[in-house]
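Student: From the sequence below, what's the structure:
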Amino acid sequence: MRQENRFILLIFIFAAIVMLTGLGINFVMLGGSKSAELALAIAFNSVAAAVLALALYCAWIIHRLYSGGKCGRLSLSLTLKLAGALFPVLIYMAQILKVGRDDVRRVLIRLNNEYVYSGSYKLEGRDIMLLTPHCIQNSSCTIKITGNVDNCKRCGLCRVAEFLTLKDKYGINVFVATGGTLARKIIKENRPKAIIAVACERDLTSGIQEVSGIPVLGVYNERPCGPCFNTSVNISKIEEAVLFFMGGN
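Tutor: This is a model prediction of the structure:
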């Protein structure tokens, strides 16, 4: 089953749980004749109907997106907010049902990226931040680059040298962070107008949800040696994101 179908399946299971819960509550509340209980039942039914409608709308937009259909910026914005609100519940359900949690995360990242790409930007390179994890640095390297990426000797053993090439070419800011706390500190201190984040699915989803008011494009890292060790990334995807934020195609 494809990742978007797993995400949609979880939404439908969530909707079924809401419906069954609603039926149970209605059975209890409407079993009596008190007007207060009737009013509560009506209120609950209204909320449950709204939640169901929004969840199904979210599933429909995701299906349309992955089927190659066009989705408007407003639809993507609403779906991203809905998926973000449901995300903790869907991750918990995925864990219980043994559905790949990274599949759920990839859908949220895809929604975020599609929403950002639906916008229009014309930024200077200095306003764009490339933020990457420290595991991108080769494990045998003894040079500290988390404080200053320019310390890199550009030996070519990892992708950091290519990040610096992009920095030289477009004037973007490049930072390497050891974790979420440092990443948040870097963003707060430098106040970029756009961020290109390289990380695993888990870190990308948490970062995208934590950053508000700044467009973030997420790029998955590649893990040929396993997680958090000598990771890599597709440089062409990063350059594509840089050009997009600078107003290119």
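
Student: buried residues in the longest helix along the chain?
Tutor: Counting residues, the longest helix in the chain under DSSP state H turns out to be helix 35-66. In terms of neighbour count (16 or more other CB atoms under 10 Å), helix 35-66 has its buried residues at 41, 48, 51-52, 54-55, 58-59, 61-62, 65-66. To be clear about C-beta, it is placed using only N, CA and C from the backbone, and glycine gets the same treatment.

Student: Summarise which helices and strands it is packed against.
Tutor: helix 3-29, helix 73-96, helix 101-117 (3 or more CB pairs under 8 Å, 6 or more residues apart in numbering; DSSP states H and E).

Student: most neighbours per residue, which of the ones you listed?
Tutor: helix 101-117 (a mean of 21; mean count of other CB atoms under 10 Å).

Student: just how off-centre is that helix within its chain?
Tutor: Remark: helix 101-117 is offset 5 Å from the chain centroid, using CA atoms, centre = their mean, to the nearest Å.

Student: And for stretch 73-90?
Tutor: 10 Å.

Student: averaged over its residues, what pLDDT does that stretch have?
Tutor: The pLDDT scores in stretch 73-90 average 95.

Student: Name the SS class of Arg154, please.
Tutor: At Arg154 the chain is in coil, as set by DSSP: H, G, I helix; E, B strand; the rest coil.

Student: Now do the same contact list for it.
Tutor: By CB atoms under 8 Å, 6 or more residues apart in numbering, the contact set of Arg154 is 160-161, 164.

Student: got TSV for those residues, with neighbour count and secondary structure too?
Tutor: Putting those into TSV (neighbours: other CB atoms under 10 Å; DSSP: H, G, I helix; E, B strand; the rest coil) gives the following:
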residue	neighbour count	secondary structure
Val160	25	helix
Ala161	13	helix
Leu164	16	helix
